[in-house]
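A.B. asks: 3D model of this:
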Amino acid sequence: MTFKKIILFCHRWLGFISGLVVFIVSVTGCLFCFQDEIQDAFCGYRKVEVQHKPFLDPSVLKAEALKGHKGGTATYMYYYGVDRPAGILVNVPKNGMLYVYLNPYTGKVTHIENPAKNFFIVVEFIHLYLLLPPKIGSLVVGISVIIFMVIMITGLILWWPKRKSDRKRSFNIKWNGRWRRVNYDLHNVLGFYATSIALILSITGLSMVFESVREGIYTTANLGRSYPSEKEVLKSDSLLKSKVNGKPVIDQVFAMAQARSPKAEMFSINEDASAAGTIGINAYAQTLHYYKSDEFIFEKYTGKLLKQTPHDKKSPGMKMNNMNYDLHVGQIGGLTTKIIAFLVSLICASLPITGFIIWLGKRKKSKSKKVKEVVHRRVHKQHLA
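C.D. replies: As a prediction, this is how the structure comes out:
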């Protein structure tokens, strides 16, 4: 068996193994690319009127969000921006998670949502887990994406024209050809153009599934250099709990983060409920973008700043991992890169289909050839007889 036949064998059978999962993951990726724009267009609660006054303190919004939810807890919240609501994730016993949206200037609850019933959250869960249990689903998706990356590389090897004279023709789709030729070109030409972006989308997706991939990106971007301070795990001193008095600590630390990142448009607050937990605040440079952020860790009992990591001081590896989501959904460069990510995801969804059609065509052609050979042999034997 020649090298090319081995590559073709791997390309074909790996495609059979991963095709359905790749199709589902790619289609859901297409749908998710513009989820913010679509939800902004149809969900009025995602916008509020800008008021020229400070946001209400986190403790005030938290108290409002918990009203009517007996026994509920809330440790995670967002201030999405001056023209957007605040969002608080409330965990209610027996009822599960609810996402409460509030006007950050007045504290009025504008919308309560069950995340499990949000269309785009469901799309995201299919994309990440195929609606299977997370550990199993993420593994299935992760392995399928790795296989898909191998398929893209083997496909490039198979497609690459040997002669320079064939290259110009190979880079274009022959739209006026027979439908089988058009399908063949759609598979090969579009696959070629999509490969580089598809590999980026695949790697960023894998880093969400496998910690080893995330660590690999971190180490590679840092050229192997170590940054111990970025790996440091900080804790609060529970013995200081009795010293809490005056203004709630969460309000104090939020004000401190705002003062230290005055140009930030969006803030996330994560209050670790464990005894030694801390309060983490991320100050994002742009609303609904997660790449550029200043990170703060505070002592949860005294409000003391334990660690501050401005975006400019982060290692290249940390910046790359922070960029992961924005790269994966295509919003790193605004609308243009979102359109590119959408089109590439659409092409990736089409590849298992066009590839299967090519295989069917070759299979039928092979059967037809065998039938003709059998008929020819029988006629030849009869003629000799």
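
A.B. asks: switch to C-alpha atoms for all contacts and neighbour counts from now on
C.D. replies: Fine.

A.B. asks: where does the prediction get shaky in the chain?
C.D. replies: Scanning the chain for pLDDT under 70 picks out 1, 163-169, 241-245, 364-385.

A.B. asks: could you chop it up by domain?
C.D. replies: As assigned by automatic domain parsing, the chain contains the domains 3-37+122-222+335-363, 50-104+228-314.

A.B. asks: could those go into CSV alongside distance to H328 and mean neighbour count?
C.D. replies: Shown next, in CSV, are those (distance: least, Cα to Cα, whole Å; neighbours: other Cα atoms under 10 Å):
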stretch, distance to H328, mean neighbour count
domain 3-37+122-222+335-363, 5, 17
domain 50-104+228-314, 11, 18
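
A.B. asks: and the ones you listed as JSON lines, adding distance to N324?
C.D. replies: Output for these, formatted as JSON lines (distance: least, Cα to Cα, whole Å):
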{"stretch": "domain 3-37+122-222+335-363", "distance to N324": "6"}
{"stretch": "domain 50-104+228-314", "distance to N324": "8"}
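
A.B. asks: and these: which comes nearest P115?
C.D. replies: Each of these has some distance to P115 by Cα to Cα; the shortest is domain 50-104+228-314, at 6.5 Å.

A.B. asks: just the endpoints, please. Distance across that closest one?
C.D. replies: Terminal residues of domain 50-104+228-314 lie 32 Å apart, using Cα to Cα, to the nearest Å.

A.B. asks: now it, how far from the centre of its chain.
C.D. replies: Domain 50-104+228-314 sits 23 Å away from the centroid of its parent chain (Cα atoms, centre = their mean, to the nearest Å).

A.B. asks: can we start the residue count at 561 from this point?
C.D. replies: In the new count, where the first residue is 561, that last one comes out as domain 610-664+788-874.

A.B. asks: can you map out the strands along this structure?
C.D. replies: Assigned by DSSP state E, the strands in the chain fall at 633-639, 646-652, 656-662, 669-673, 826-831, 838-844, 853-859, 865-869.

A.B. asks: the fourth one vs strand 656-662, what angle?
C.D. replies: Per axes from the mean of the first three to the mean of the last three Cα atoms, to 10 degrees, the angle that strand 669-673 makes with strand 656-662 is 150 degrees.

A.B. asks: by contact count, what packs against strand 669-673?
C.D. replies: If contacts are counted by 3 or more Cα pairs under 8 Å, 6 or more residues apart in numbering; DSSP states H and E, strand 669-673 sits against strand 656-662.

A.B. asks: who does the closest residue to G840 other than its chain neighbours bridge with?
C.D. replies: Take G840 and drop its neighbours on the chain: the residue closest to it by Cα to Cα, 6 or more residues apart in numbering is I857, 4.6 Å away. Judged by DSSP bridges, the bridge partners of I857 are G840, K867.

A.B. asks: so I857 sits against A843, correct?
C.D. replies: No - counting by Cα atoms under 8 Å, no contact exists between I857 and A843, whose distance comes to 11.5 Å.

A.B. asks: which strand residues bridge I672?
C.D. replies: Counting by DSSP bridges, I672 is bridged to V660.

A.B. asks: ok, it - contacts?
C.D. replies: L658, Y659, V660, Y661 (Cα atoms under 8 Å, 6 or more residues apart in numbering).

A.B. asks: kindly recompute the last result at 10 Å.
C.D. replies: Y605, A625, G647, I648, L649, V650, L658, Y659, V660, Y661, L662 (Cα atoms under 10 Å, 6 or more residues apart in numbering).

A.B. asks: what of C908?
C.D. replies: By Cα under 10 Å, 6+ apart, C908 lies in contact with 579, 582-583, 585-587, 589-590, 708, 712, 747, 750-751, 754-755, 758, 902.

A.B. asks: about what we covered before: okay, and the common contacts of I857 and A843?
C.D. replies: Shared contacts of I857 and A843, defined by Cα under 10 Å, 6+ apart, are found at A817.

A.B. asks: about what we covered before: want to try CSV for the strands of the chain, with distance to P693 as columns?
C.D. replies: Shown next, in CSV, are the strands of the chain (distance: least, Cα to Cα, whole Å):
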stretch, distance to P693
strand 633-639, 23
strand 646-652, 20
strand 656-662, 17
strand 669-673, 22
strand 826-831, 25
strand 838-844, 28
strand 853-859, 31
strand 865-869, 35
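
A.B. asks: and of these, who's closest to K879?
C.D. replies: K879 lies closest to strand 853-859 among those, at 9.3 Å (Cα to Cα).
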